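[1] Got a predicted structure here, sequence first:
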Amino acid sequence: MNKLDLRVVRTRKLLLGGLYELLEEKEFSKLTIDQICDRSMVHRTTFYKHFHDKYELLEVLLNNLSEEYFSYDFKERINHPFRVKENAFEGSKEFHRILIKQKNDKEFNDLIFSHFIKLIQQDVKDNMELIEKDPSVPDDLVFYLYGGAIKGFSKWIENSSAKITAEEADDVFHKMVNIKAKE
């Protein structure tokens, strides 16, 4: 399949749009391929020519949604992860509607959270030469630790009664985790 073929681009766009719309209406765990195909006006057979399952389709959608986050300079993403996240996703009212609709869908929340952590870990791995660290610390430990720390800190914010701004979250995060980009 040629991903530059306009028919392929159009079909993928229809399927992503259909999923996006349905996520505003129904929990992801209850969505079926047939519902996505009906909404997208794409035949089920065509769906499987482009995606293995609804999880792969969701992954592509999440990659598209995270483009704004990764358009920020690496130094900003590492030194101010919560501010960048807030700024990158602030303007997307549709995405916020999806998050509200999906808030009780454990499967969706686990998938989205794991996906973004993997993207962040890969980002750190790909930019390791820009990380300030002791040379005796193994590189792979840094991206695992950073991803794990972001995950743990995000869960703490989500589950605690603490109401903190993105700026405060960045400050507390870096008091706990000393992984920063080089000056």
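    Received it, and whenever you're ready, just let me know what you need.
[2] Could you identify the helix or strand that succeeds the helix or strand encompassing Gly148?
    Gly148 belongs to helix 139-159 when assigned by DSSP states H and E. The first helix or strand that comes after helix 139-159 along the chain, using DSSP H and E, is helix 166-176.
[3] now for the helix holding Gly148, which elements pack on it?
    helix 106-126, helix 166-176 (3 or more C-beta pairs under 8 Å, 6 or more residues apart in numbering; DSSP states H and E). From N, CA and C alone the C-beta is placed, and that goes for glycine too.
[4] residues in contact with that helix?
    78, 81, 113, 117-118, 120-122, 124-125, 128, 131, 133, 162, 164, 169, 172-173, 176-177, 179 (C-beta atoms under 8 Å, 6 or more residues apart in numbering).
[5] Please check those and keep the buried ones.
    The neighbour count (16 or more other C-beta atoms under 10 Å) marks 78, 81, 117, 120-121, 124-125, 131, 169, 172-173, 177, 179 as buried among these.
[6] ok, back up a step: need the helices and strands packed on helix 139-159 in JSON lines with mean pLDDT and distance to Val8, can you?
    Shown next, in JSON lines, are those (pLDDT from 0 to 100; distance: least, C-beta to C-beta, whole Å):
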{"stretch": "helix 106-126", "mean pLDDT": "92", "distance to Val8": "23"}
{"stretch": "helix 166-176", "mean pLDDT": "90", "distance to Val8": "38"}
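[7] If anything else comes up later, I'll come back, but that's it for now.
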